[in-house]
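# The sequence and its predicted three-dimensional model are supplied below.
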2 protein chains.
Amino acid sequence: MAVTMNDVARAAGVSLKTVSNVLNDYEFIRPATKKRVQDAIAELGYEANLTARSLRSGKTRMLGLVLSDLSAPYYAELASRLMKAASRRGYRVLVEQSDAVGEVELNALQGPFRQLTDGLLFTPLVIAADTIADRLGKKPLVLLGEHILDPRFDLVTMKNGEAAAALTAHLLAGGRRRIAVIGAHPDESAGSAGLRLNGYRKALDEAGVPFDAALVAPCEWRRDNGAAAVAGLLDKGVEFDAVFGLNDVLALGAMHELLIRGVRVPQDVAVAGFDDIDEARFASPSLTTVSPGMEEIAERSIGLLIDRIEGREAEDQAAHIEAEFQLKVRESAP
Amino acid sequence: MAVTMNDVARAAGVSLKTVSNVLNDYEFIRPATKKRVQDAIAELGYEANLTARSLRSGKTRMLGLVLSDLSAPYYAELASRLMKAASRRGYRVLVEQSDAVGEVELNALQGPFRQLTDGLLFTPLVIAADTIADRLGKKPLVLLGEHILDPRFDLVTMKNGEAAAALTAHLLAGGRRRIAVIGAHPDESAGSAGLRLNGYRKALDEAGVPFDAALVAPCEWRRDNGAAAVAGLLDKGVEFDAVFGLNDVLALGAMHELLIRGVRVPQDVAVAGFDDIDEARFASPSLTTVSPGMEEIAERSIGLLIDRIEGREAEDQAAHIEAEFQLKVRESAP
DNA sequence: GCCAAATTCTGCAACGATGTATGGCAGGAA
DNA sequence: TTCCTGCCATACATCGTTGCAGAATTTGGC
C-alpha cells in the first residue's frame, strides 16, 4: 500500500540498499545516482517507515516523560517546553501520567513505556532511589525536579531550598512573623515539599523566628487542598499573617479561601507561592512566587538526556544540574 | 539481549508460533500448553517487542492528539483526560503542538506523526476542511472542538453557540446591556470564536439589545491578550458593564486588568468566561463560565476514534457528537 | 474400529528497514 | 601485463513478530 524503499529502488533503477545508503548519507555515492534516487523519492512521495527503522536500529527517537498529572499547570507548562526542546533536536515526547501511583511509576521504568522510548525524564513521587536503580535498564534516565541526589542518576532540578529560604526571608522582611506553610509532605524529606519546607525553616532560624508546627498544613498539591488547608487553620483559630503555598496552585487556592472569608491580601495576610505559573501573574492580587527557571530546566534536561542517548556524554559520572531561580515579588506579598 | 518469543518457545518446548498464539488468545490451545508457555514467559520475564509487533501488524496502539499548545489550561486538562480515557482502552496518546501553524497541522496529517499513530484527534485551527480531506489518508480522524461540520469527518464538540447565548442571556438578565467580547477571530466563522460570537449576537437580538462592533476586541486566546484588550477598551473610552471572554484565560486576564485599574467586579463590570478550567472556580472573584462537558468530550471522542480504528463503527456516515454544557454562575457575574 | 470433522500445533514467509560482506570497475604502481 | 587500491553498488541476513496454510493429533458418530 504505502511506498517502500523497494519501490523507490525499482523506480530509480538501483538496489534497495543504495536507496538506504542515500537516505543515510553514505559517503561513496555517485552524485548522479544520488540524484536519481532522490528524484524517485520525491516522485513517489516515499516516506521512511519509522517502525521498521526502529525495529532494525533499536531506537525510536522518542523520549518518555513521567509526571503525576498533566493537568497541573506547572507540569503542563513544563511538558510543553520539553516537547518543543525535544522537537528541535528531532525527538518526540511521550507522556505518562503516574497520578503519583507507585505501580505506574514502576511500570514506566521497565514496561512497554520504556520500550517505546530511547530515554526517560522521570519525576519520581513515590518510589525511592534504590527501587529505581533496581528496575533501571540500560537506557538513559534523567531525574527531573525532585531531589534524589544520588551518584547513580542524572538530575536536573532547581534550588528548592535556597529559593524557599529566599521567599521566606522576603516575607520576614515584610514584617510577617507567623507564616503558615501549606502542602507539606510529612513522610518525605527528599522531595520538593521537604526541601522547600527545610528552606523555610532555615530562613526562620536565621531570622531568629521560632518554628511553630501548628502553622504547617500537610496536603497534596491541589488548588482545593490549598483552600481547605487555610479553612482548617482559620477554623482552628491558628493565627498567621502570611501563607507560603509550597506551590502556586496551593497558594492560589489558599488566597481564594482567605478572600472569601473577608481576610484582606496582603494587608491582613500575605500570600506567596512557588513555580511562577502563567496564572500567578494574572491572579488578583497577583501572586508573589519563585520562578524556577523552567526554560533552563527544560533545555538542559532534554539536552542532557539526548547527549546520553547518543553517547556524547561521559558515562562515568552523573550530572547534577541546578537551574537558577528568581524571586517574583508581586501584590500578594509586596 | 532482550528475551524474545524464540527464547520462550525453547523454554516451554513449543514452537515460536504457539507462543504467539498464546499471547494473542488463539482459541485452540490446550490448557496445559498454555500454562507451560505462560510459566516460561513469567520465568524469563518476557515482554513483547512492541516495535516488531507494530511492523508486522501495522498498528501502533497510539493515538495522535494535535492541539495548539499544551500549556493552555483547557488543552492541558483535556489532554490529561484523553490520555486517561485512552489508557483505559489500552492505547497511548502522542501529543503534537501545532502552535496554530498551518504547516505543522499539515505535517501531523500526513507526516511521520501520522505514521506513528493509528488514529488522530485533531483540533484544526488554521487549515480548512478541504485541505484536511485532501491530505487525509485512510486512518481514522476525529475532529475535536472546532466546528467543521462536514459530512466527511467525525466531530466531537460542544454547543458553542447555544452555550454562548445562554451565558450572554445570563448577563443580560443581570441587567448588563453593554457586554464587551474579547478574543474574537474576525476572519473565521466556523471556529469556536466565531460560533461563540454568533451565540452572543443571537442572545442580544433576542433581548432586543443592539450589537455594537466597538465592544468586540479581536485577539488570540492568551491571558495577556485578555488583559491588553480590556486595557485597550478602557483607554479608548469605550463604555461597558460586562466582559465576555471567549475563553477563561481571556476572561481572567481581563478581570485582572479591571481590578488593577480599580474597576470593581462584578459591581461595576461583570466578567464571564468559557471552558470552566480548574482555575475559574478559585479565581477572586470566582469566574462565571460555561462548563463544556469535558469528561463527556474526552470519553466520547476517544471511544469514537477507537471504534473507527477497530472497525466497530459503520463507515458510511460521519458522527457528529455535541456534548452538553452547563452554565456555572459564580461571583464574577452573579 | 474406521472415517470425517474438530481441535491443536507448526513452519514458512512476510512487515520494511539496515549492517556486513563482497563484487565489479576504474586508475595507478610494479 | 598483473596486482592493488579506492570508489560505487549489490545480495543476503537480520531485527521480533504475526498471517497463512497445512501437518499432526484428538474426538465423535456409527
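Right, received. Where do you want to start? Numbers count the residues shown, from 1 in each chain, chains lettered A, B, ... in the order given.
# which residues does residue A:211 contact?
A:201, A:204, A:205 (CB atoms under 8 Å, 6 or more residues apart in numbering or on different chains). C-beta here means a position set from N, CA and C on the backbone, and glycine is covered the same way.
# One more pass at 7 Å, please.
A:201, A:204 (CB atoms under 7 Å, 6 or more residues apart in numbering or on different chains).
# just residue A:100 next, same as before
Taking CB under 7 Å, 6+ apart, one finds A:68, A:125, A:126 in contact with residue A:100.
# what's around the first one, how many residues?
The number of residues packed near residue A:68 is 19, by other CB atoms under 10 Å in any protein chain shown.
# host element of the nearest residue to it once chain neighbours are set aside?
Setting aside the residues directly before and after it, residue A:68 is nearest to residue A:100 in space (CB to CB, 6 or more residues apart in numbering or on different chains), at 4.6 Å. Following DSSP states H and E, one finds residue A:100 outside all helices and strands.
# follow-up on the earlier one: from the contacts of residue A:100, which single one is nearest DNA strand D?
DNA strand D lies nearest to residue A:126 out of the contacts of residue A:100, by CB to the nearest atom of the strand, at 29.1 Å.
# Identify the spatial nearest neighbour of that closest one, chain neighbours not counted.
residue A:102 (4.0 Å).
# hang on, the earlier thing: output the contacts of residue A:100 in a markdown table; the columns should cover distance to residue A:59, secondary structure and pLDDT.
Formatted as a markdown table, the contacts of residue A:100 follow (distance: CB to CB, whole Å; DSSP: H, G, I helix; E, B strand; the rest coil; pLDDT from 0 to 100):
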| residue | distance to residue A:59 | secondary structure | pLDDT |
| --- | --- | --- | --- |
| A:68 | 28 | coil | 93 |
| A:125 | 28 | coil | 84 |
| A:126 | 29 | coil | 83 |
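# For stretch A:185-192, buried residues please.
Buried residues in stretch A:185-192, counted by 16 or more other CB atoms under 10 Å in any protein chain shown: A:185, A:188, A:191, A:192.
# What of stretch A:323-330?
A:323, A:325, A:328, A:330.
# Could you pull up the residues touching residue A:37?
A:8, A:12, A:14, A:18, A:19, A:22.
# what's the helix or strand for it?
helix A:31-44.
# Any residue of that helix touching DNA strand D?
Yes: under the criterion of CB under 7 Å from any atom of the strand, DNA strand D is reached by helix A:31-44 at A:32, A:33, A:34.
# Out of these, who's the most crowded?
residue A:34 (17 neighbours).
# So for the helix or strand where residue A:258 lies, mean pLDDT?
Using DSSP H and E, the element containing residue A:258 is helix A:248-260. Taken as a whole, helix A:248-260 carries a mean pLDDT of 96.
# Show me what the following helix or strand past it is packed up against.
Using DSSP H and E, the helix or strand that follows helix A:248-260 towards the C-terminus is strand A:270-272. Helices and strands touching strand A:270-272, by 3 or more CB pairs under 7 Å, 6 or more residues apart in numbering or on different chains; DSSP states H and E, are helix A:160-173, strand A:242-245, helix A:248-260.
# Please identify the deepest-packed of the ones you listed.
Among these, ranked by average contacts under mean count of other CB atoms under 10 Å in any protein chain shown, first place goes to strand A:242-245 (a mean of 30).
# quick one: average pLDDT of it?
According to the model, strand A:242-245 has a mean pLDDT of 97.
# Can you name every helix or strand that that strand contacts?
Looks like strand A:242-245 contacts helix A:160-173, strand A:179-184, helix A:248-260, strand A:270-272 (3+ CB pairs under 7 Å, 6+ apart).
# what about the closest residue to residue A:292 other than its chain neighbours, how many neighbours?
The shortest distance from residue A:292 to any non-neighbouring residue, by CB to CB, 6+ apart, is to residue A:158 (4.4 Å). Residues contacting residue A:158 under the criterion other CB under 10 Å number 25.
# For the closest residue to residue A:296 other than its chain neighbours, report the pLDDT, please.
Sequence neighbours aside, residue A:323 is the residue nearest to residue A:296 in space, at 4.2 Å (criterion: CB to CB, 6+ apart). pLDDT recorded at residue A:323 is 93.
# Relative to DNA strand D, how far out is residue A:323?
For residue A:323, the distance to DNA strand D equals 38 Å [CB to the nearest atom of the strand, to the nearest Å].
# Make sure that residue is actually in contact with residue A:158.
Yes: the pair residue A:323 / residue A:158 is scored as a contact, 4.7 Å apart, by CB atoms under 7 Å.
# so what sits against both of those two?
A:292, A:293, A:297.
# could you list every residue that touches the first one?
This means residue A:292. By CB under 7 Å, 6+ apart, the neighbours of residue A:292 are A:158, A:275, A:276, A:323, A:325.
# If you count neighbours, what's buried in stretch A:122-135?
A:122, A:123, A:124, A:125, A:126, A:127, A:132, A:135.
# partner residues bridging residue A:291?
residue A:326 (DSSP bridges).
# which residues touch it?
Contacts of residue A:291 (CB under 7 Å, 6+ apart): A:276, A:325, A:326, A:328.
# do the same with residue A:171
Counted by CB under 7 Å, 6+ apart, residue A:171 has contacts A:179, A:242, A:244, A:270, A:272, A:333.
# Pairing partners for the spatially closest residue to it that is not a sequence neighbour in the sheet, please.
Ranked by CB to CB, 6+ apart and with sequence neighbours excluded, the top spatial neighbour of residue A:171 is residue A:242, at 4.8 Å. Beta bridges link residue A:242 to residue A:179, residue A:270 when assigned by DSSP bridges.
# For residue A:1, report the pLDDT, please.
pLDDT, read off for residue A:1, is 61.
# Around chain B, which positions in the stretch 201-334 of chain A sit nearby?
Neighbours of chain B within the stretch 201-334 of chain A, by CB under 7 Å from any CB of the partner chain: A:223, A:227, A:252, A:253, A:255, A:256, A:259, A:278, A:279, A:282, A:284.
# What's the separation between the fifth one and residue B:18?
Looking back up the chat, that one is residue A:255. Distance of residue A:255 to residue B:18, computed by CB to CB, to the nearest Å: 63 Å.
# In the helix or strand where residue A:301 lies, which residues are buried?
Following DSSP H and E, one finds residue A:301 within helix A:294-309. Neighbour counts over helix A:294-309 (16+ other CB under 10 Å) mark A:294, A:296-309 as buried.
# What is the nearest of those residues to DNA strand D?
Using CB to the nearest atom of the strand, the buried residues of helix A:294-309 come closest to DNA strand D at residue A:309, 18.6 Å.
# Now do the same contact list for that closest one.
If you count contacts by CB under 7 Å, 6+ apart, then residue A:309 has A:118, A:119, A:140 around it.
# Can you tell me which of those residues end up in strands?
Judged by DSSP state E, strands contain the following of these: residue A:119.
# Between the contacts of residue A:309, which sits nearest chain B?
residue A:118 (11.7 Å; CB to the nearest CB).
# The closest residue in space to the closest one that isn't next to it in sequence and residue A:116, how far apart?
The shortest distance from residue A:118 to any non-neighbouring residue, by CB to CB, 6+ apart, is to residue A:309 (4.9 Å). For residue A:309, the distance to residue A:116 (CB to CB) stands at 14 Å.
# Show me which positions of the helix holding residue A:37 end up buried.
Buried-residue list, helix A:31-44, by 16+ other CB under 10 Å: A:34, A:36, A:37, A:38, A:40, A:41.
# what helix or strand is the closest residue in space to residue A:295 that isn't next to it in sequence on?
Nearest residue to residue A:295, sequence neighbours excluded (CB to CB, 6+ apart): residue A:81, at 6.4 Å. In this structure, residue A:81 sits in helix A:73-88 according to DSSP H and E.
# quick one: contacts of the very next helix or strand once past that helix?
Using DSSP H and E, the next helix or strand after helix A:73-88 towards the C-terminus is strand A:92-97. With contact meaning CB under 7 Å, 6+ apart, strand A:92-97 is reached by A:61-70, A:79, A:82-83, A:86, A:108, A:113, A:116-117, B:80, B:83-84, B:92, B:94-95.
# How far does strand A:92-97 sit from its chain's centre?
Relative to the centre of its chain, strand A:92-97 is centred 12 Å away, using CA atoms, centre = their mean, to the nearest Å.
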